[in-house]
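>>> mind looking at a prediction? Sequence and model below.
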Number of protein chains: 2
Amino acid sequence: MISGENSVSRPVVRSDVLLGQIDSLASVGLDSSGGRTRLALSESDKAGRDMVVRWMEEAGLEVRMDRIGNLFGILRGADGGLGNALMIGSHIDTVIHAGPYDGCYGVLSGLAVLRAFREAGVVPPRPLVVAAFTNEEGVRFQPDMLGSLVAVGGMPLGEALDITDGKGCTVGEALAAIGCSGGEEPGFLLPSGYLELHVEQGPRLDAEKKRIGVVEGVQGISWWRITIEGKANHAGTTPTKLRHDAGYAAALVSVFLRGLSLSAGTTLATVGTIDFEPGAVNVIPSKAVFTVDLRDPDGEKLTEAEKRLAAFLEKTAFEEGVGISSEHLVRFEPVVFDRELVQAVEETAASKGLSSMRLVSGAGHDAQMMARVCRTAMIFVPSAGGISHSPEEHTSGEDLAAGVEVLLGVVLRVLGF
Amino acid sequence: MISGENSVSRPVVRSDVLLGQIDSLASVGLDSSGGRTRLALSESDKAGRDMVVRWMEEAGLEVRMDRIGNLFGILRGADGGLGNALMIGSHIDTVIHAGPYDGCYGVLSGLAVLRAFREAGVVPPRPLVVAAFTNEEGVRFQPDMLGSLVAVGGMPLGEALDITDGKGCTVGEALAAIGCSGGEEPGFLLPSGYLELHVEQGPRLDAEKKRIGVVEGVQGISWWRITIEGKANHAGTTPTKLRHDAGYAAALVSVFLRGLSLSAGTTLATVGTIDFEPGAVNVIPSKAVFTVDLRDPDGEKLTEAEKRLAAFLEKTAFEEGVGISSEHLVRFEPVVFDRELVQAVEETAASKGLSSMRLVSGAGHDAQMMARVCRTAMIFVPSAGGISHSPEEHTSGEDLAAGVEVLLGVVLRVLGF
């Protein structure tokens, strides 16, 4: 399989270059919090994209972009076509005050692997592609994982382009504003295999002192926006038993969800946002609007959690004399990754003497979208203390280097080297 | 006591004029919610003040204003001085989307009583004063009841003028901007008696079908701003038992306060405002900031409630692994009104065939500040359904007329008619 005109050797990743690129990209959008903010399709996202495109070009890759802004660096294979590609991807958009690794590590590691092939003078038997998908985080535009969702045909392009951010700007307008409405139709490059290397964003590898996470799948996600309508009234004159306090009802839901999580075992529940109206110290809240993020690796348990939440909302509405409505924002079924590819990750880690453990991803990833169309797996490296979506996110250089070694090893194994 | 050169008769309130003036003032700052917003020292507050000043002048009163913007309409007594005055007051500033009666009813009823004396040609034996105090509601500037607090010497003028609103504008700047920094020193006119007529802002009179509330005092108020500092982390990957969720801890406090209210009997507790940081669907809140409004007619029970809250915060900080700090925003001890004046209210209602009940005000009123310096009482009329601080606040014209009849009756009784 090793071919080419000039000197040819086995591809080797230069982790020093990878770590340097991670640092450089992490400086784009850096703010005084010590974190960086590159919300999808913002000016700072554009600056990050430009940096990655330059590195793709320097690595001799062919750069393509589709109409939802997904960015691809392509190393053509022996047959010169785009069929049967092996793709390595993730995202470079961030949350607010993000850490340096979430997404970026996966994209730049993919780039490092392709660069290793180029530098070794190895023409792969199949095309190798590094992908950076648009709006994975979902902070500016919902749903999250939008670019990969559209790429695999999970949402029509037109519908995606019409999604608005909090200020009324559409995805289409945002793409145009930063010149990232690419020339390709989404899905023009659907691979036959997909790998994603990512920091764990959870504490398990760190707690178990394992170097590599062998990701078997992604848990299901269910996002809700819940609106409770009570009755505004004077805080000093309304007897407790006559209150219809939307804020208190919201607190009951939050406490209920904690109990649900603890009793269900694997279910996670989070109330991440809340707003009261009218929002005065001495007025009983007439309205509380909050979000609920439910997750479970088991689709049936996720559905069960949704049912228990719905029943509790009904009970609370009755008992507190408030109106409760809920809007389903996001629903992703749990995803099970390709059994053979997962096994390849596990064996590769073992072959390199790296300890590993199997786990299910708690966070959503572009990999779960790609799993709809091709064999997919993910590789995790430890996150110190499990901290994620925070400037304090941290993974050691040694662990980052180990992760990309495993990624390259899996790629070589898949390609038959 | 009936004197004067021209025809003289017993003062009679013209409730049709009063109700018309209430309607006119209620139209100032009206918005599409059906409520009106005249935050203290705003342009719309100024428009309301101008209307009231014009009515004071039309009634032949001498108009004075002090340096904190408190407005006085004076009907001099037989001796021509300002000593030993009987004052009737309240406020005309409003909350956001307010009803028509809160405060305005008391000021305009005082004006109606003084007008009754003028129209009857009766020179009172002591000066009669109608007062409209600045910033009673405390929505724009804290603390509430600011004008009356400064008038009775409870806060130095300089300190009050330096209080800022949410946009950094000081009371002094706001007074100057609307030309309401008056020529008198606060406290230039301290009366020897004070009466305030107000809608109940609570459901008791309406529920008990009583026409007049004989207010024995005002419950104590304790306002807190509580800040909980947890740890931001990924909603999908952080096991429940490893969370330090500031939002969940805030919910626990809200639920605890409900239990405290129910077990303590007379204590009321309200969480009226809340904010989460960072405020994303899939991020565990690192910070929750919320307010607590505690009230009790009994000072010792209020202190007990504060202690129980503090103990619960300490327990929650320990159990949830979060930091909790609390800032005391406002503390007013319960106030007991003058026994004889309260009895005069009760007897006057009975003499007019109006049913009454004794109660303690749940809301704060300027009367509680005036009670620091003179004999004070309040009269309540029913609020339909107890609704207050809302466009739906309602009291029937019949009840409004009955209230001002009692007010005039008490004034005549106090003056020895």
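Noted; the coordinates are in hand.

>>> how far off centre is the strand or helix carrying residue A:74?
Here residue A:74, judged by DSSP states H and E, is contained in strand A:71-75. For strand A:71-75, the distance from its own C-alpha centre to the chain's C-alpha centre is 20 Å (C-alpha atoms, centre = their mean, to the nearest Å).

>>> which other helices and strands contact that strand?
helix A:43-58, strand A:62-65, helix A:104-120, strand A:128-132 (3 or more C-beta pairs under 8 Å, 6 or more residues apart in numbering or on different chains; DSSP states H and E). (Each C-beta comes from the backbone N, C-alpha and C, glycine too.)

>>> next SSE downstream of the helix or strand of chain A with the lowest mean pLDDT?
Within chain A, confidence by mean pLDDT, DSSP states H and E is lowest for strand A:233-234 among all helices and strands, at a mean of 88. Following strand A:233-234 in sequence order, the next helix or strand is helix A:246-264 (DSSP H and E).

>>> give me the residues contacting the helix or strand just after that following helix.
Per DSSP H and E, the first helix or strand lying C-terminal to helix A:246-264 is strand A:268-270. The contact list for strand A:268-270, computed with C-beta atoms under 8 Å, 6 or more residues apart in numbering or on different chains, reads A:219, A:257-258, A:260-261, A:292-296, A:305, A:362, B:235-236, B:238-240, B:245, B:281-284.

>>> check the residue in the stretch 301-417 of chain A positioned nearest to chain B and give its pLDDT.
Of all residues in the stretch 301-417 of chain A, the one sitting closest to chain B is residue A:362 (3.4 Å; C-beta to the nearest C-beta). Looking at residue A:362, its pLDDT reads 88.

>>> who in the stretch 1-150 of chain A is up against chain B?
By C-beta under 8 Å from any C-beta of the partner chain, the residues of the stretch 1-150 of chain A that approach chain B are A:95, A:96, A:97, A:138, A:139, A:144.

>>> counting neighbours, what do you get for residue A:396?
Per other C-beta atoms under 10 Å in any protein chain shown, the neighbour tally for residue A:396 reads 11.

>>> any idea how far it lies from residue A:384?
Using C-beta to C-beta, to the nearest Å, residue A:396 is found at 8 Å from residue A:384.

>>> contacts for whatever helix or strand comes next after the strand holding residue A:74?
From strand A:71-75 onward toward the C-terminus, using DSSP H and E, the following helix or strand is strand A:86-90. By C-beta under 8 Å, 6+ apart, the list of residues contacting strand A:86-90 from outside reads A:103-107, A:109-110, A:113-114, A:124, A:126-133, A:136, A:148, A:189, A:191-198, A:365-366, A:370, A:374, A:407, A:411, A:414-415.

>>> list the buried residues for strand A:86-90?
Burial within strand A:86-90, assessed by neighbour count using 16 or more other C-beta atoms under 10 Å in any protein chain shown, is assigned to A:86, A:87, A:88, A:89, A:90.

>>> that strand to helix A:104-120, inter-axis angle?
For strand A:86-90 against helix A:104-120, the angle by axes from the mean of the first three to the mean of the last three C-alpha atoms, to 10 degrees is 140 degrees.

>>> adjacent strands (with direction) for strand A:86-90?
Note on strand A:86-90: by DSSP bridges, its sheet partners are strand A:128-132 (parallel), strand A:193-199 (parallel).

>>> okay, the ones you listed in CSV with mean neighbour count and mean pLDDT next?
Converted to CSV, the strands paired with strand A:86-90 look like this (neighbours: other C-beta atoms under 10 Å in any protein chain shown; pLDDT from 0 to 100):
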stretch, mean neighbour count, mean pLDDT
strand A:128-132, 28, 98
strand A:193-199, 28, 98
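
>>> about what we covered before: from the contacts of strand A:86-90, which would you call buried?
Counted by 16+ other C-beta under 10 Å, these give A:103-107, A:109-110, A:113-114, A:124, A:126-133, A:136, A:148, A:189, A:191, A:193-198, A:365-366, A:370, A:374, A:407, A:411, A:414-415 as buried.

>>> let me see the mean pLDDT of stretch A:309-321.
Averaged across stretch A:309-321, the pLDDT comes to 98.

>>> ok, it near chain B or not?
No: contact of stretch A:309-321 with chain B (C-beta under 8 Å from any C-beta) is absent, the minimum separation being 10.1 Å.

>>> residue A:262: neighbouring residues, count only.
The number of residues packed around residue A:262, counting by other C-beta under 10 Å, is 12.

>>> next up, the contacts around it.
By C-beta under 8 Å, 6+ apart, the residues touching residue A:262 are B:240, B:241.

>>> now do the same for it: its pLDDT.
At residue A:262, the predicted lDDT confidence score is 96.

>>> I figured residue A:12 hits residue A:120, correct?
Yes: between residue A:12 and residue A:120 there is a contact at 6.8 Å, judged by C-beta atoms under 8 Å.

>>> which residue ranges form the helices in the stretch 251-400 of chain A?
Secondary structure of the stretch 251-400 of chain A by DSSP state H, counting those that start in this stretch: the helices cover A:299-320, A:339-351, A:366-370, A:397-414.

>>> by contact count, what packs against the second one?
What that stands for is helix A:339-351. strand A:212-218, strand A:356-361, strand A:375-381, helix A:397-414.

>>> got it, and the last one?
On a contact count with 3+ C-beta pairs under 8 Å, 6+ apart, helix A:397-414 meets helix A:15-26, strand A:86-90, helix A:104-120, strand A:193-199, strand A:212-218, helix A:339-351, strand A:375-381.

>>> contacting residues around the residue lying closest to residue A:226 once chain neighbours are set aside?
Leaving aside its sequence neighbours, residue A:226 sits nearest to residue A:326 (C-beta to C-beta, 6 or more residues apart in numbering or on different chains; 4.7 Å). By C-beta under 8 Å, 6+ apart, residue A:326 lies in contact with A:224, A:225, A:226, A:227, A:310, A:313.

>>> ok, now residue A:340?
Counting by C-beta under 8 Å, 6+ apart, residue A:340 touches residue A:375.

>>> and the strand holding residue A:74 with strand A:128-132, angle?
Counting by the same axes, to 10 degrees, strand A:71-75 points 170 degrees away from the direction of strand A:128-132.

>>> go ahead and confirm residue A:35 touches residue A:388.
No: Residue A:35 is beyond contact range of residue A:388, at 11.7 Å (criterion: C-beta under 8 Å).

>>> so what sits against both of the two?
By C-beta under 8 Å, 6+ apart, the residues touching both residue A:35 and residue A:388 are residue A:99.

>>> mind checking which of those two has more residues around it?
Counted by other C-beta under 10 Å, residue A:35 and residue A:388 do not tie: residue A:388 has more neighbours, with 31 against 21.

>>> in a markdown table, list the helices of the stretch 251-400 of chain A along with distance to residue B:57.
Shown next, in a markdown table, are these (distance: least, C-beta to C-beta, whole Å):
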| stretch | distance to residue B:57 |
| --- | --- |
| helix A:299-320 | 50 |
| helix A:339-351 | 86 |
| helix A:366-370 | 73 |
| helix A:397-414 | 79 |
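
>>> just want the most central residue of chain A.
The centroid of chain A falls nearest to residue A:365 when counting by C-alpha atoms, centre = their mean (3.6 Å).

>>> contact partners for residue A:251?
When contacts are counted by C-beta under 8 Å, 6+ apart, residue A:251 touches B:250, B:251, B:252, B:254, B:255, B:271.

>>> my guess is residue A:316 contacts residue A:250. True?
No: Residue A:316 is beyond contact range of residue A:250, at 9.2 Å (criterion: C-beta under 8 Å).

>>> those two: which has the busier surroundings?
residue A:250 (31 against 19).

>>> can you list the domains in chain A?
What automatic domain parsing lists as the domains of chain A is A:15-218+A:334-414, A:220-332.

>>> span of the shortest one from start to end?
If I follow you right, that is domain A:220-332. Chord length of domain A:220-332, first to last residue, is 5 Å (C-alpha to C-alpha, to the nearest Å).

>>> again with the first one
Start to finish, the residues bounding domain A:15-218+A:334-414 are 21 Å apart (C-alpha to C-alpha).

>>> low-confidence ranges in chain A?
Applying pLDDT under 70 to chain A flags the ranges A:1-7.

>>> what about the nearest residue to residue A:384 once chain neighbours are set aside, how many residues nearby?
In space, and not counting its chain neighbours, residue A:384 is closest to residue A:394: 4.3 Å by C-beta to C-beta, 6+ apart. Neighbours of residue A:394 under the rule other C-beta under 10 Å: 18.
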